[in-house]
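Enquirer: sequence and predicted model, in that order:
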Amino acid sequence: MGQGKSTFRVEVVVKDRLGMITADGPALTIGNVDPDGPMAAAGIIKGDRIMSVNGSEIHELSRPDAAKVLKKATKTLQSSTTNLLTLVVERRCFPAQIPPSATLLHTDQGTVGDDGVDVELAASKLVGAKAGK
């Protein structure tokens, strides 16, 4: 089976900058990441696609509108007591290739539950076991 898409949640510690450049493409596709920046520290890499920022869906917005949402969220955090930016990110990869600090939400193979178990795969194995397969 080939490499698919995985969606995961990750928290980025916001400092004075995020340390990334977006690329041409849908919504906010990461074009480059500063290896010393907060995005790299959170495990974000070139080609990742930001789907939501602090719970606000941005994957269907134009690139400029999605960038505005990210910039506003970052500025808000810089002036508050919390500095964690929560992103939902889509990556073309095997589930094992997501950042260690990330929470896997979905793979092409199925939905992952809060405990990290692939819900659809577990259910199909259970049904197969009950049928004697």
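Expert: All right, it came through fine. Residues are numbered from 1 along each chain as shown.
Enquirer: in the helix ranked longest in the chain, what counts as buried?
Expert: Looking across the chain with DSSP state H, the single longest helix is helix 63-78. For helix 63-78, burial by neighbour count (16 or more other CB atoms under 10 Å) applies to R63, A66, A67, V69, L70, A73, T74, L77. Heads up, the C-betas are built off the backbone N, CA and C, glycines and all.
Enquirer: now, which of these sits nearest I21?
Expert: Nearest to I21 among the buried residues of helix 63-78 is A67, at 10.7 Å by CB to CB.
Enquirer: mind listing what the closest one touches?
Expert: Contacts for A67 (CB atoms under 8 Å, 6 or more residues apart in numbering) come out as T22, L28.
Enquirer: what about it, distance to V14?
Expert: 15 Å (CB to CB, to the nearest Å).
Enquirer: give me the mean pLDDT for the longest helix of the chain.
Expert: Helix 63-78 shows a mean pLDDT of 87.
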